[in-house]
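> take a look and give me a structure for this.
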Amino acid sequence: MPDNVTVVAHPLVQHKLALMRRKETTTAEFRLLLREISLLLGYEVMRDLPLTQVEIETPLTRMQAPRLEGKKLMLVSILRAGNGLLEGMLDLVPSARVGHIGLYRDPKTLEAVEYYFKVPQDLGERLVIVLDPMLATGHSAAAAVSRLKKAGARDIKFVCLLTVPEGIATMREAHPDVPIFTASIDERLNDHGYIVPGLGDAGDRLYGTK
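Okay, the predicted model is just below:
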């Protein structure tokens, strides 16, 4: 296992991912599965959130109880497919702040080009979880993280459904401090920069655009 990469091997994650990979899975089914699997991934990526003790009153007595410490975390979706992961994460932490980064991949160079950036303030005081179903070449993810660091983010985690050794290598070279959480490390990229065996284009399958 590469350093700083966590593969979430929970049986439910792996089962739902297998259903998503099938070419006959409908748009509606794909969308629901992505929402469900993102919630499960969220449990893992948020496993070490800091807690503090606060006094509460139950129906029977007062007690010290754990509660999340510090400012609310931030979820940043890399448009457009990242929004599919965002929905499930918000089911888990509905009070999280949300940001969006719009990137497209130049078809010739495969480099990421930014067209939109809108995030809440105080990035440096929050855990920032970046969401994109596919970590393929890694250029979009690395560009998104660089942009967030430029805006002040200091504590960043990256969550994807699928990745490949090439994408992991790109991220490790650009941002060795950013841990990666994924459901699978697939075999390779094809000549068009798609993950193999993969599940196709996550955005197209999520929104029925192809």
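> so what touches the top strand by length along the chain?
Within the chain, and with DSSP state E defining each element, the longest strand by residue count is strand 97-105. Contacts made with strand 97-105 from outside it, assessed by Cβ atoms under 8 Å, 6 or more residues apart in numbering, are listed as 72-79, 82, 86, 90, 111-120, 126, 128, 137, 139-140, 143-144, 147-148, 193. In short, each C-beta sits where N, CA and C put it, glycine included.
> what's around residue 136, how many residues?
28 (other Cβ atoms under 10 Å).
> from the chain's centroid, how far away is the longest strand of the chain?
On the basis of Cα atoms, centre = their mean, to the nearest Å, the separation between the geometric centre of strand 97-105 and that of its chain is 11 Å.
> flag every buried residue along that strand.
In terms of neighbour count (16 or more other Cβ atoms under 10 Å), strand 97-105 has its buried residues at 97-103, 105.
> ok, stretch 153-160 next?
Using 16+ other Cβ under 10 Å, the residues of stretch 153-160 that count as buried are 153, 156-160.
> name the helices or strands packed onto the helix ranked longest in the chain?
With DSSP state H applied, the helix covering the greatest number of residues in the chain is identified as helix 27-45. With contacts defined as 3 or more Cβ pairs under 8 Å, 6 or more residues apart in numbering; DSSP states H and E, the secondary structure elements packing on helix 27-45 are helix 11-21, helix 82-92, strand 155-159, strand 180-182, helix 202-207.
> now do 10 Å
Using 3 or more Cβ pairs under 10 Å, 6 or more residues apart in numbering; DSSP states H and E, the elements in contact with helix 27-45 are strand 5-7, helix 11-21, helix 82-92, strand 127-131, strand 155-159, strand 180-182, helix 202-207.
> as a markdown table, those with mean pLDDT would be great.
Rendered in a markdown table, the data for the helices and strands packed on helix 27-45 read as follows (pLDDT from 0 to 100):
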| stretch | mean pLDDT |
| --- | --- |
| strand 5-7 | 95 |
| helix 11-21 | 96 |
| helix 82-92 | 92 |
| strand 127-131 | 96 |
| strand 155-159 | 97 |
| strand 180-182 | 97 |
| helix 202-207 | 88 |
